[in-house]
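Asker: My questions are about this predicted structure, shown below with the sequence.
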Amino acid sequence: MKPDFAPQALLDAVDGDTMLREVQDWAAINTGTANIAGLDQMAGVLADAFSVLPGEVELVDPAPVTAISAEGREFEKPHGRHMVLRVRPEAERRFVLTGHMDTVFPAEHPFQEVRWLDDDTINGPGTADMKGGLNVILHALKLFEMTEGAARVGYDVMINSDEETGSLASRGLIEELARGKYAALTYEPSALPDGTLAHARGGTGNYSITITGRSAHAGRNPHEGRNAIVAASDLVLRIKALEAEDITVNPAKIEGGSANNVVPDLAVLRFNIRPKSTDAMNRFDGELGAILRMIEVEHEVGVHRHGGVTRPPKPVDAKAQALFDLVKECGAQLGQQIGWQPSGGVCDGNNIAATGVPVVDTMGVRGGAIHSPDEYLIVPSLRERAALSALVLAKLSTGDHL
Ligand SMILES: [Zn+2]
């Protein structure tokens, strides 16, 4: 028999012991973004776990991604495969649920084990960010499948392998799966340990600018040289001057140069931007192009641009706000008080929002100290959040909410 929508019935149906055991097992597999073997193992474990749901599980190859070396050369960066589950793709109303299997802790990092901090808290790599969240997706969907509404709707689950380095190998896949969906839920941990959600987010972009000058002897014929370091320094000051209320610019690194008696013919400038609005993002892009042309002409150097905005700003429009309101209302029915606040961070929710689909991107567990060896997961939040998502999905499967 199918349990009805009574919130308490949903909560009672969640198997917290199984959730905890799975999260401990998953956190024990190292999935640093560069650890392809670990990611492959994890993708297999996830494919198995998610195969209990209806639909087809597929492991999708990463899109090719290049980076610029310190010597100014473009090279390919390997990535792990992504997991995709498609359930009832023929349904008219469909959702997308997303998460990431990678963590910021490489295979050689000392932080690899899970331990208890107190009766309610475990400390371990990726427990909150976000193997706990992946487990919430699985158990929320198991629960949702037991409700009446599930058969009327469809959904895709996407778990990528490269979120922590900007989702360059999965961005196209995320956008493809998001398009046309009724709503999206992403399972980053809550913004605060009390369950507060992240609301509007700024965007981010990473650039590598390679400047090629001409080397010459610093004493004999310096005038015949074209100094790449000087051009890069000029560029730093000019892009820093583009900072405004709605955008920050962080020149992070200049590589290149050579011996003291040589005019340097190579520099690679790396910088990050954080636009708060789509306007600021587009304005910067145009201005950067003009500045790069000016640098080329004035310093008589070659300029090559690599990178750009990878995560567009995520404003909260009326539809997205309606989704936040629904999550809050479902929380209240489960005895969970849920608020929200803007976040300086970025995630796949940014890319989903850019497709026009309403998204709440911190549906994962409660926890904190993520990206540090103090990362922790508040264990009771596994059940809480699974019930919350199941209830949100049950509500979204009928009526007109957004
Ligand atoms: Zn994360």
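Answerer: Structure received. Everything quoted here is computed from the prediction, not taken from an experiment.
Asker: got the contact list for the host helix or strand of residue 98?
Answerer: Applying DSSP states H and E as the criterion places residue 98 in strand 94-100. For strand 94-100, contacts defined as C-beta atoms under 8 Å, 6 or more residues apart in numbering pick out 88, 130, 133-134, 137, 141, 153-164, 167, 174, 177-178, 180-187, 348, 352, 357, 364, 389, 393, 396. (Each C-beta comes from the backbone N, C-alpha and C, glycine too.)
Asker: Mind checking what helix or strand follows that strand in sequence?
Answerer: Moving toward the C-terminus from strand 94-100, the next helix or strand (DSSP H and E) is strand 115-118.
Asker: Determine the set of other helices and strands touching the helix or strand following that following strand.
Answerer: Scanning forward in sequence from strand 115-118 by DSSP H and E, the next helix or strand is strand 121-123. When contacts are defined as 3 or more C-beta pairs under 8 Å, 6 or more residues apart in numbering; DSSP states H and E, strand 121-123 packs onto helix 16-27, strand 115-118, strand 376-378.
Asker: Find the residue closest to residue 160 in space, skipping its chain neighbours.
Answerer: Closest residue to residue 160 in three dimensions, ignoring its sequence neighbours and counting by C-beta to C-beta, 6 or more residues apart in numbering: residue 170, at 3.8 Å.
Asker: Can you get me the start-to-end distance on stretch 177-184?
Answerer: With C-alpha to C-alpha, to the nearest Å as the measure, stretch 177-184 spans 10 Å from end to end.
Asker: Kindly report the same for stretch 191-210.
Answerer: Using C-alpha to C-alpha, first and last residues of stretch 191-210 are 37 Å apart.
Asker: Are that stretch and the ion in contact anywhere?
Answerer: No - figure legend: stretch 191-210 not in contact with the ion (C-beta under 5 Å from the ion); closest approach 11.1 Å.
Asker: Show me which parts of that stretch are buried, residue by residue.
Answerer: Neighbour-count burial for stretch 191-210, with 16 or more other C-beta atoms under 10 Å as criterion, is recorded at 191, 193, 195-210.
Asker: how many neighbours does residue 68 have?
Answerer: Residue 68: 20 surrounding residues under other C-beta atoms under 10 Å.
Asker: Surely it touches residue 210?
Answerer: Yes - taking contacts as C-beta atoms under 8 Å, residue 68 lies within contact range of residue 210: 6.1 Å.
Asker: what do those two both touch?
Answerer: Taking C-beta under 8 Å, 6+ apart as the contact rule, residue 68 and residue 210 both touch 268, 306.
Asker: What about residue 121, how many residues nearby?
Answerer: Using other C-beta under 10 Å, residue 121 has 17 neighbouring residues.
Asker: leaving aside the residues next to it on the chain, what's closest to it?
Answerer: Nearest non-adjacent residue to residue 121, counting by C-beta to C-beta, 6+ apart: residue 376, 5.3 Å away.
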